[in-house]
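Sequence first, predicted model second:
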2 protein chains.
Amino acid sequence: MITSHRITPIAEVEGESVTVSRLKAACSNCNLRELCMPAGISSTELDQLDELVYARRKVKRSDALYRTGDPFEALYAVRTGFFKTRLTFQDGRDQVTGFLMAGELIGLDGIGTEAHTVDAVALEDSEVCMIPYAKLEALSGEMPSLRTHFHKVMSREIVRENSVMMLLGTMRAEERLAAFLLNLSQRMVSRGYAALEFHLRMTREEIGSYLGMKLETVSRLFSRFQAEGLIEVDQKYVRIKDIDGLKAIYAHHTH
Amino acid sequence: MITSHRITPIAEVEGESVTVSRLKAACSNCNLRELCMPAGISSTELDQLDELVYARRKVKRSDALYRTGDPFEALYAVRTGFFKTRLTFQDGRDQVTGFLMAGELIGLDGIGTEAHTVDAVALEDSEVCMIPYAKLEALSGEMPSLRTHFHKVMSREIVRENSVMMLLGTMRAEERLAAFLLNLSQRMVSRGYAALEFHLRMTREEIGSYLGMKLETVSRLFSRFQAEGLIEVDQKYVRIKDIDGLKAIYAHHTH
DNA sequence: GGTCGCGTTTGATCAATATCAATAGCCGGA
DNA sequence: TCCGGCTATTGATATTGATCAAACGCGACC
């Protein structure tokens, strides 16, 4: 299955629409740089980064960027599109562990065991920058700013997961969904998109999996939030009408 | 409040029993080395590690090693004792995000923002090795094996949190508790303790907080597991009588 | 342009766990 | 060593969200 997006195919993963481009990924003039790379680095350092991030790869909607058990070789920075990561348990149950958008880094799960522990699946046609991990390791030895930045990215991921634990462990369904919408909104803003209006890339079931509830509960809550004038929903389209109302649900905890 | 454990006090944190020892922490002859440091490093590298881990600190039961908002300056390797990390939400609710035992690393949460985002609290009188983060950053520039090891530790923490997310998001209360007991057991074994018999260091409430359930539910489940012959419980003492039974609950998921 | 299937919505009922409450027991500090 | 408060257990009831079920609508693909 060859896609029209292909530029220079160098790899084909059994039947999947995976394309890799040798075109320089060119951090130096990437508009995601602030999101994804250390701020305030010198231009010689930028050249080194361009060396590091040497290829792009396209991933079609519903295809996996990598799967559980795949040998860990690279991290990926999302250039365009939207991903989920999914952990599958022995008995088949699975859990969405994250949604990733432009400028965010995928693959940190693989470092510890040198094999991936989750699946990373594109929720829309997407493109990533490949960052070969061996090169990153090596380069971070010479570039303190890169090293520091990388450590911060990992730490922030740990902190993000901490707050998901709090979400799942102590919050009610309506609080979780409010938190989810507020988080999405905030991440849209920091990418220069509208804060209060967006298209969800994931299904109700995927939202539910991430938030630890069933898809019916997600659907009911969307309807209820709409009835209460907090949001406007039409399928994947969401508009936040009362962001303070959402924040009150999220944090006020009238119990 | 000065403790008898004190050796060479160099810091006192407002009324808390915090003691810091300038005694070389001496990774080179620490029996936790395999757990906490990179395997197969040279002896000159070991000397550098001894340089890095330059002090110990005692923390008394129920005292904090650090608190949310504290400036981030060091990581800590648990030498002896037992800690919990705890995330507190705006409205006062909190969630235990981890339990840490000998050889494990505390403080990764602080790297990203240069301030701690959780509290780390000792659940029994404990001792930690202080690892000043600036030194770790610097040394990891020169020591690839240390750098690689550190990245793996962070990645494994991300993976651990992934599985807690799965626990909280998709598992039933009895499955969570079984998973918790099995995990504790496994960590005891890898430290050379008995696999099937141990004293819990945390209360039912702390277990419940970690597992996303109320303390009454934890208590009832302990009673039920005991009635079913899976375990023997007496307050904090637990003996696993049927580890396969626990595993079946954890993973079999008859639903 | 039609049709098939997935995703979504909504309703009715059920089950798991929280909540409220009361008692008992242990442990830690003086 | 004793006391007091924290921790645990257990019961009765309430509530949230899951489950089962049915119908609908959108969109992808033929």
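Nice, I can see it. From a predicted model like this one, the values you see are computed outputs, not experimental measurements. Numbers count the residues shown, from 1 in each chain, chains lettered A, B, ... in the order given.

Strands of the stretch 101-250 of chain A, residue ranges please.
A:105-106, A:119-122, A:126-132, A:197-199, A:231-234, A:237-240 (DSSP state E, counting those that start in this stretch).

For DNA strand D, find the nearest of these.
Evaluated over those, closeness to DNA strand D peaks at strand A:231-234, with 8.1 Å, by C-beta to the nearest atom of the strand. Where C-beta positions appear, they are placed from N, C-alpha and C, glycine not excepted.

now check the top helix by length along chain A, is it near chain B?
Longest helix in chain A by number of residues, with DSSP state H as the criterion: helix A:144-170. Yes: Helix A:144-170 is in contact with chain B by C-beta under 8 Å from any C-beta of the partner chain, via A:144, A:147-148, A:151-159, A:161-166, A:168-170.

Any chance of the strands of the stretch 101-250 of chain A in JSON lines with mean neighbour count as columns?
Below are those laid out as JSON lines (neighbours: other C-beta atoms under 10 Å in any protein chain shown):
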{"stretch": "strand A:105-106", "mean neighbour count": "22"}
{"stretch": "strand A:119-122", "mean neighbour count": "24"}
{"stretch": "strand A:126-132", "mean neighbour count": "23"}
{"stretch": "strand A:197-199", "mean neighbour count": "14"}
{"stretch": "strand A:231-234", "mean neighbour count": "16"}
{"stretch": "strand A:237-240", "mean neighbour count": "16"}
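
ok, which residues in chain A are in contact with DNA strand C?
A:203-205, A:215-216, A:218-220, A:222-223, A:233, A:235-236, A:255 (C-beta under 7 Å from any atom of the strand).

Near DNA strand D, list only the ones from these.
Restricting these to those within reach of DNA strand D (C-beta under 7 Å from any atom of the strand) leaves A:216, A:235.

Can you name the residues of the stretch 101-250 of chain A that neighbour chain B?
Close to chain B, as judged by C-beta under 8 Å from any C-beta, the stretch 101-250 of chain A has residues A:108-113, A:117-118, A:137-138, A:140-142, A:144, A:147-148, A:151-159, A:161-166, A:168-170, A:209-212.

which of those residues are buried?
Using 16 or more other C-beta atoms under 10 Å in any protein chain shown as the burial test, those include A:108-112, A:117-118, A:137, A:140-141, A:147, A:151, A:153-159, A:161-166, A:168-170, A:209-212 as buried.

Now render the strands of the stretch 101-250 of chain A as CSV, adding mean pLDDT and distance to residue B:86.
Listed next are the strands of the stretch 101-250 of chain A as CSV, based on pLDDT from 0 to 100; distance: least, C-beta to C-beta, whole Å:
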stretch, mean pLDDT, distance to residue B:86
strand A:105-106, 95, 27
strand A:119-122, 96, 30
strand A:126-132, 92, 34
strand A:197-199, 93, 33
strand A:231-234, 95, 32
strand A:237-240, 96, 31
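
Please identify which of these is closest to residue A:86.
Closest approach to residue A:86 among those (C-beta to C-beta): strand A:119-122, 4.7 Å.

check contacts around residue A:73.
Neighbour list for residue A:73: A:132, A:133, A:134 [criterion: C-beta atoms under 8 Å, 6 or more residues apart in numbering or on different chains].

Ignore what I typed, I meant residue A:106.
For residue A:106, the contacting residues are A:65, A:75, A:76, A:77, A:78, A:83, A:85, A:100, A:120, A:128, by C-beta under 8 Å, 6+ apart.

neighbours of the closest residue in space to it that isn't next to it in sequence, just the number please.
Distances taken as C-beta to C-beta, 6 or more residues apart in numbering or on different chains place residue A:76 nearest to residue A:106, at 4.6 Å, with adjacent residues excluded. Applying other C-beta atoms under 10 Å in any protein chain shown, we find 24 residues neighbouring residue A:76.

so residue A:76 touches residue A:65, yeah?
Yes: between residue A:76 and residue A:65 there is a contact under C-beta atoms under 8 Å: 6.1 Å.

Please enumerate the shared neighbours of those two.
Common neighbours of residue A:76 and residue A:65, using C-beta under 8 Å, 6+ apart, are A:57, A:106, A:120, A:128.

Check for me that the first one belongs to a strand.
Pointing back at residue A:57 there. Yes: assigned with DSSP: H, G, I helix; E, B strand; the rest coil, residue A:57 falls within a strand.

Thought residue A:78 was touching it, still the case?
No: when contacts are counted by C-beta under 8 Å, residue A:57 is not listed as touching residue A:78 (10.9 Å).

who's more crowded, the two?
Between residue A:57 and residue A:78, counting by other C-beta under 10 Å, residue A:78 is the more crowded of the two (25 against 20).

Mind listing the residues bridging to the more buried one?
With DSSP bridges as the criterion, residue A:78 is bridged to residue A:128.

And it, what's its pLDDT?
Residue A:78 is assigned 93 on the pLDDT scale.

before we move on, what about residue A:139?
pLDDT, residue A:139: 91.

What is the burial count for it?
By other C-beta under 10 Å, the residues close to residue A:139 number 19.

Now it: closest residue in space, sequence neighbours ignored.
Nearest to residue A:139 is residue A:52, by C-beta to C-beta, 6+ apart, at 5.4 Å.

that older thread, mutual contacts of residue A:57 and residue A:78, please.
Both residue A:57 and residue A:78 are in contact with A:127, A:128, where contact means C-beta under 8 Å, 6+ apart.

buried ones in stretch A:192-207?
A:196, A:198, A:200, A:201, A:202, A:204, A:206, A:207.

what about chain A, any weak spots by pLDDT?
For chain A, the stretches flagged by pLDDT under 70 are A:1-26, A:34-35, A:38-40, A:252-255.

And the helices in it, which stretches?
Per DSSP H, chain A carries helices over the ranges A:33-36, A:43-52, A:133-142, A:144-170, A:173-189, A:204-211, A:215-227, A:243-247.

Helix A:144-170 and the second one, what's the angle between them?
Using axes from the mean of the first three to the mean of the last three C-alpha atoms, to 10 degrees, the inter-axis angle of helix A:43-52 relative to helix A:144-170 is 60 degrees.
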